[in-house]
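Novice: Compute the structure for the input listed below.
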Amino acid sequence: MPERFETERLVLQRLRYEDASEIFYTYASKIESTKFMTWPTHKSLRDTTDFLKYAVSSWRSKTDFSYCIRLKNSNRLIGSCGILNDLGKIQFGYVFGPLHWGQGYATETCRKLVEELRKVPEVYRVNTFVDTENLASMKVLRKSGLEEEAILLKWFRFVNQGNEPKDCILFKLPL
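Specialist: Residues are numbered from 1 along each chain as shown. Prediction:
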């Protein structure tokens, strides 16, 4: 995956240690942003720097490609996205700060990720799953060309929702 790419309004670039405070204050410490995430809401900047250690290491091993998402016109960090690579089977996700919801940034990001992933010959499957209550993300995924593949009953324990098993929908990208 490239270290940087752009959309009409956004710049997606490889996460760096220097992004820590922006990540923490923009979305990682916000329960409304992390409700549907697979990782716990960050309680301190230390949580964010620990995550960045993982992100930098995983990029080197080509198993997780994490990007910050910035507004092209101001360079302001508004969210991030990540691509998990399991030998060509891809899962991806994204998160935005609440100040940047409802402006089409998630759809713009997902469409660009899909475009980039289609260029990688080793990729044979692209999927992601969402909590059945996450209607906004389901809409984004459909607009980005993904299709519902299955309903997964009691599939995942979202740490920020009391760790109770939740029903999820598996989405796939037709390749």
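
Novice: Please, which helix or strand holds the residue of the chain positioned farthest from its centre?
Specialist: Most distant residue from the mean C-alpha position of the chain: Leu153, 22.2 Å away (Cα atoms, centre = their mean). Here Leu153, judged by DSSP states H and E, is contained in strand 147-157.

Novice: which helices and strands does that strand pack with?
Specialist: strand 125-131, strand 165-172 (3 or more Cβ pairs under 8 Å, 6 or more residues apart in numbering; DSSP states H and E). Yep, even glycine has a C-beta here, placed from its N, CA and C like the rest.

Novice: For the longest one, give me every contacting residue.
Specialist: It refers to strand 165-172. Contacts with strand 165-172, where a contact means Cβ atoms under 8 Å, 6 or more residues apart in numbering, come from 125-133, 138, 141, 146-158.

Novice: Given that strand, what are its sheet partners and their directions?
Specialist: Sheet pairing of strand 165-172 (DSSP bridges) gives strand 125-131 (antiparallel), strand 147-157 (antiparallel).

Novice: and of the helices and strands packed on strand 147-157, who's closest to Arg60?
Specialist: Arg60 lies closest to strand 125-131 among these, at 22.2 Å (Cβ to Cβ).

Novice: give the contact list for the most centrally placed residue in the chain.
Specialist: Centroid check for the chain by Cα atoms, centre = their mean gives Tyr94 as the closest residue, at 2.0 Å. By Cβ under 8 Å, 6+ apart, Tyr94 lies in contact with 69, 79-82, 106, 109-110.

Novice: same check, this time on Asn127
Specialist: The contact partners of Asn127, taken as Cβ under 8 Å, 6+ apart, are 89-91, 146, 149, 170-173.

Novice: And Thr38, by the same measure?
Specialist: Applying Cβ under 8 Å, 6+ apart to Thr38 gives the contacts 93, 156, 158-159.

Novice: and those, which two are the farthest apart?
Specialist: Most distant of these, by Cβ to Cβ, are Gly93 and Val159, 14.2 Å apart.

Novice: and the strand holding Leu153, what's its mean pLDDT?
Specialist: In this model, strand 147-157 carries a mean pLDDT of 97.

Novice: Using CSV, write down the CA coordinates of it.
Specialist: What follows is strand 147-157, C-alpha atoms only, in CSV (Å, rounded to 0.1, in the frame of the first residue of the first chain):
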residue,chain,number,x,y,z
GLU,A,147,-22.5,-5.7,-0.4
GLU,A,148,-24.1,-7.4,2.6
GLU,A,149,-22.9,-11.0,2.8
ALA,A,150,-24.2,-12.3,6.1
ILE,A,151,-25.8,-11.5,9.4
LEU,A,152,-23.6,-12.7,12.1
LEU,A,153,-25.5,-13.4,15.3
LYS,A,154,-23.7,-12.5,18.6
TRP,A,155,-20.6,-12.1,16.5
PHE,A,156,-18.4,-9.5,18.3
ARG,A,157,-18.0,-8.1,21.8
